[in-house]
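[1] Pasting the sequence and the predicted coordinates here, then a few questions.
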Amino acid sequence: MEKSLLVIGDKNNFGISVPEPAETIDVAAFYLAGFRSVNSIRCLESRLNVMANLIGFNNCHEVPWGSLRLIHFRKLIQIMSELKNENGGQIYTSSSLNSYISAIRGISEAAWSLGLMTQEETARIRQIKKFRTKRITVGRELSLEETAALLDNSSGPKISEIRDHAILVILIGTGIRRAEISSISFEGYDRRQGSLKIIAKGDKQRKVYMPNEVRQALDQWIDVRGSQTEGPIFVRIRRFGVIDTKAPLTPEAVGLIVQKYTALAGITDKVTPHDLRRTFATRLIKQNVDLVAVRDLMGHASVVTTSNYDRRGEERIIENIQKVKLR
């Protein structure tokens, strides 16, 4: 018996079949177990589940990943690239499809590690080309007045304000991602050195150094929260100001905190945690800090990624366009 490649809910047969499982090993569980970041695991499992549904399985743990071949994965990516929403737009952007291709490469390597796929087949699957992407960068840098308003409006005596102020100060003062806020732990905080070990994008661990103002805000929150030898530093605050030391903040909660104080600061534009990261990088670049140094501070793998935050060229264009004479 074979399973047809189907889109769940639509039931269109795309003309390719997936063999019934030849193995009983949960390849997806093995693959996901190799990651430490809860956010990375959640994102990857979500992508694997999407692909599992498209080939007719309920979830990624049912899929015989070791039985799939290059032809299956190429067909799958082709189908995903052609799927449209009700308005006729693409459901999956090129950038999104590239994240699925990365997941395919990872799950294939996991199947090879388990002896369920040959090295030759794994190498062929790794040759699936990613889509070229070149888009105008979205988001913006906040002004000094705007970040000051954010911090002023979060400076208060309430327990939630002390926590939220520390989070905003860290986002603006270190440029870490919102998911990395969730990974900040007592084990990774070196008070003497003023550094944090965080689980960064790609499940990589890196060390982040903090300016004095950031350290002070973090220490103030820890004094309220209560210091421990291990566990998450930023946790949920339940009703009546009860601190739940076992419930780490989620990346989504960090986003809501930024939204809350954006509104309180009277900033009408939408501001995301990544805009605070962009602000951190852009301010350093404008102060002529070397791009390689900014790359290291941002935790980028390539200076090319860091250069996307360099808006000085765009500012010169805006300035010079005003010199054009029409008459």
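    It's in.
[2] Report how many residues lie close to the spatially closest residue to N153 that is not a sequence neighbour.
    Nearest residue to N153 in three dimensions, chain neighbours excluded: L264, at 4.2 Å (CB to CB, 6 or more residues apart in numbering). Where C-beta positions appear, they are placed from N, C-alpha and C, glycine not excepted. By the criterion of other CB atoms under 10 Å, L264 has 13 neighbours.
[3] now swap in V303 and tell me
    15.
[4] Could you pull up the contacting residues of it?
    Listed by CB atoms under 8 Å, 6 or more residues apart in numbering, the contact set of V303 reads L291, V292, R295.
[5] quick one: which of those is nearest R192?
    Nearest to R192 out of the contacts of V303 is R295 (CB to CB; 26.4 Å).
[6] what stretches of the stretch 51-200 of the chain score poorly on pLDDT?
    Flagging of the stretch 51-200 of the chain using pLDDT under 70 yields the residue ranges 134-138.
[7] which SSE is I199 in?
    strand 195-200 (DSSP states H and E).
[8] And that strand, how far out from the chain middle?
    Distance of strand 195-200 from the chain centroid (CA atoms, centre = their mean, to the nearest Å) equals 15 Å.
[9] That strand: what's the following helix or strand?
    Criterion used, DSSP H and E; the element after strand 195-200 is strand 204-209.
[10] Neighbouring strands - and their directions - for that next one?
    Using DSSP bridges, the strands paired with strand 204-209 are strand 195-200 (antiparallel).
[11] Buried residues in the partner strand, which are they?
    L196, K197, I198, I199, A200 (16 or more other CB atoms under 10 Å).
[12] count of residues packed around the closest residue to I159 other than its chain neighbours?
    Residue nearest to I159 in three dimensions, not counting chain neighbours: G241, with 4.7 Å by CB to CB, 6+ apart. Using other CB under 10 Å, G241 has 10 other residues around it.
[13] Might one say that G241 is in contact with S160?
    Yes - counting by CB atoms under 8 Å, a contact exists between G241 and S160, whose distance comes to 7.4 Å.
[14] Give the buried residues for the helix or strand harbouring A247.
    According to DSSP H and E, A247 maps onto strand 242-248. Neighbour-count burial for strand 242-248 flags I243, P248 (criterion: 16+ other CB under 10 Å).
[15] what is the rounded mean pLDDT of that strand?
    Mean pLDDT, computed over strand 242-248, is 93.
[16] Out of the buried residues of strand 195-200, the closest to V254 would be?
    Distance to V254 across the buried residues of strand 195-200 (CB to CB) is lowest for I198, with 13.1 Å.
[17] who's in contact with that closest one?
    When contacts are counted by CB under 8 Å, 6+ apart, I198 touches I176, E180, S183, I184, G188, Q205, R206, K207, V208.
[18] Apply 7 Å and report the result again.
    Contact partners of I198, counting by CB atoms under 7 Å, 6 or more residues apart in numbering, are I176, E180, S183, I184, G188, R206, V208.
[19] Which residues does it form beta bridges with?
    Beta bridges link I198 to R206 when assigned by DSSP bridges.
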